[in-house]
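*Asks:* The sequence and its predicted three-dimensional model are supplied below.
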Amino acid sequence: MDLNKTIHNLEARGFKVSHFESAREAAAWIAGQVSGKSVGIGGSKTVEALGLFEKLSADNTVYWHWKTPGRETLKSAALTDVYLCSANAISEDGEIFNIDGTGNRIAATVFGHEKVFIIAGVNKIAPDFDTALKRARNVAAVKNCARFGKKTPCQTDGICHDCRSPERICRALTVLWAPMNGMETEVVLIDEELGM
């Protein structure tokens, strides 16, 4: 994993990048960047590990379906000023991969917010497009199926089969090659293993 190459290529593609040694430092910095805003959060073990819901709730209106389950929370999160999520993989070439079952997270990274923060540990970085896609499908998606107790073929052998299971959670894939027009996207990289 070449962190400097990854940062260089993300910035060359137009993403803002912030880099921190620890999750604690990153969480404090993000909390300092967002004040008096509406904030949406996508399903993210990384965001959970950083305690950002609690930190940001102090002086922002925060919507997270992990804290207040339901479709109304998902809708409210889609209409916020700021959105926080992680990535399933990031290539050293600066491409950001996410797979989704409901669509709230991938939709939020492509439209509707003033700013999106994509927060990721260095374990999410892969050398190139193909290995990043493989990581998203065969590491992140498989682990998420297990976490949610889904009955999918990947739970027997740890490999994505592009299945037709009704419990499938990998229903859409986005690859961000650059920030979307009119929406600032900042990648926050942390020198720790975080999330799936």
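*Replies:* Nice, I can see it. Residues are numbered from 1 along each chain as shown.

*Asks:* rest of the way, CA atoms for contacts and neighbours
*Replies:* Fine.

*Asks:* Number of residues surrounding A28?
*Replies:* The number of residues packed around A28, counting by other CA atoms under 10 Å, is 15.

*Asks:* The helix or strand hosting it - contacts with which helices or strands?
*Replies:* Following DSSP states H and E, one finds A28 within helix 23-33. Other elements packing on helix 23-33 under the criterion 3 or more CA pairs under 8 Å, 6 or more residues apart in numbering; DSSP states H and E are helix 45-50, helix 52-57, strand 184-190.

*Asks:* what's the most buried one of the ones you listed?
*Replies:* Mean neighbours per residue, mean count of other CA atoms under 10 Å, is largest over the helices and strands packed on helix 23-33 for strand 184-190, with a mean of 22.

*Asks:* follow-up on the earlier one: going on from the helix holding A28, what's the next piece of helix or strand?
*Replies:* Assigned by DSSP H and E, the successor of helix 23-33 is strand 38-41.

*Asks:* what are the pairing partners of that next one, and which direction each?
*Replies:* Using DSSP bridges, the strands paired with strand 38-41 in its sheet are strand 61-64 (parallel), strand 82-85 (parallel).

*Asks:* what comes into contact with the last one?
*Replies:* It stands for strand 82-85. 37-44, 46-47, 77, 105, 108-109, 113-119 (CA atoms under 8 Å, 6 or more residues apart in numbering).

*Asks:* One more: stretch 147-159?
*Replies:* Contacts with stretch 147-159, where a contact means CA under 8 Å, 6+ apart, come from 137-139, 142, 145-146, 160-161, 163, 165, 167-168.

*Asks:* What distance do you get for the residue in the chain sticking out farthest from the centre to D100?
*Replies:* Distance to the chain centre peaks in the chain at T156, reaching 25.7 Å (criterion: CA atoms, centre = their mean). Going from T156 to D100 by CA to CA, to the nearest Å gives 21 Å.

*Asks:* Which residue ranges of this structure form strands?
*Replies:* Secondary structure of the chain (DSSP state E): strands at 16-20, 38-41, 61-64, 82-85, 89-91, 96-100, 115-121, 125-126, 172-176, 184-190.

*Asks:* who's in contact with the shortest one?
*Replies:* Residues from elsewhere that reach strand 125-126, judged by CA under 8 Å, 6+ apart: 1, 3, 6, 89-92, 132, 135.
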